[in-house]
Structures are given as structure tokens and as C-alpha cells.
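[1] Below: sequence and its predicted model.
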Amino acid sequence: MPRYRRVNIDGESLYKTETRKLAATLNPGTFVVINASNLFAQASAPVGRMYVLDCAYHEGLGITDPIPSGHSGVGNYLEEGREFAVRVAAGAYKKDQPITVVAGQAAAVPAAAGTYQVIGYCQDDVTTTAVDFIRIRARASSVTVA
């Protein structure tokens, strides 16, 4: 059972979303972009206008149910101050920890040397033992940290 039941935590989904068909089967709480075919596609890294894929409630699917390729998906605008439950790999997450995007999924910015695009900050103190969700607060634009 995931820690959250919905992706959109801030309740602004009525007017801050886009609806598109999916280019591939995708999970709620992952980051997507609109590709050249006007479909939602998984974001491989922080780039351009990004969205957080919501659950497909309109198809009876919940937060842990993948949305099939070619089906309709709702993407929430990734904008300053918005809060989302996003999909993460197992690990330890701390409040105010910088978050980036790796292969469509939220990931903690590594402590190792490198350059990373921060898209938001973790709002939970939690250790997950499997793929789960954490709450993040988004930034207006990504910031590079080294």
C-alpha cells in the first residue's frame, strides 16, 4: 500500500493540467513531457515544460496502476510551489533534500560530485523499502547544483 492515494496534493488539478494520450505505458507520479507526436512521453531528465502524470481515475485506475500506452493521461503542470506525490525508488529521503529526475522518476540529488538539475524539494522524512511515493514541492525552474 503506497503512502499516498493521489498525485496532486495541492488540489489545483481542475485548471492546471493537460490531457494527452500516452506514447508508452507509464506510472502515475512520474514525470512526462509532450513529444513531437503530441503524446505524453517519459521525461528522461529535467527538460523544458514538464508534467507530473496523475492517476487515471477516469478509467478506474489508482495511484499504483500503470496507465496503458495509447490511453488518455492527465499531466499536472510542474510549477513553483505546487505539491505532488511522486514515484521514487527505495531509499532514504529527508525534508528539504533536493530532488531531480532520472528516467521519469524523482530521485534524490546525489552527494557525489556532478551537476544536477533540481526540480523541487522533498517534503517528507521517510525511508522506503520498495518503489513508493514522496511529497515534493516544485521549483519555478530547475536549478543546477554541482
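    Nice, I can see it.
[2] Can you tell me how far residue 74 is from residue 95?
    Distance of residue 74 to residue 95, given as CB to CB, to the nearest Å: 28 Å. For glycine as for every other residue, the C-beta is placed from the backbone atoms N, C-alpha and C.
[3] Buried residues in stretch 134-141, which are they?
    By neighbour count with 16 or more other CB atoms under 10 Å, stretch 134-141 contains the buried residues 134-139.
[4] sorry, back to before: more neighbours: which of residue 74 and residue 95?
    Neighbours were tallied for residue 74 and for residue 95 using other CB atoms under 10 Å; the higher tally belongs to residue 74 (22 against 11).
[5] Count the residues that sit near the nearest residue to the more buried one once chain neighbours are set aside.
    In space, not counting the residues next to it along the chain, residue 74 is nearest to residue 54; the distance is 4.4 Å by CB to CB, 6 or more residues apart in numbering. Using other CB under 10 Å, residue 54 is surrounded by 23 other residues.
[6] so residue 54 makes contact with residue 17?
    Yes. Contact between residue 54 and residue 17 holds when scored by CB atoms under 8 Å: they sit 7.2 Å apart.
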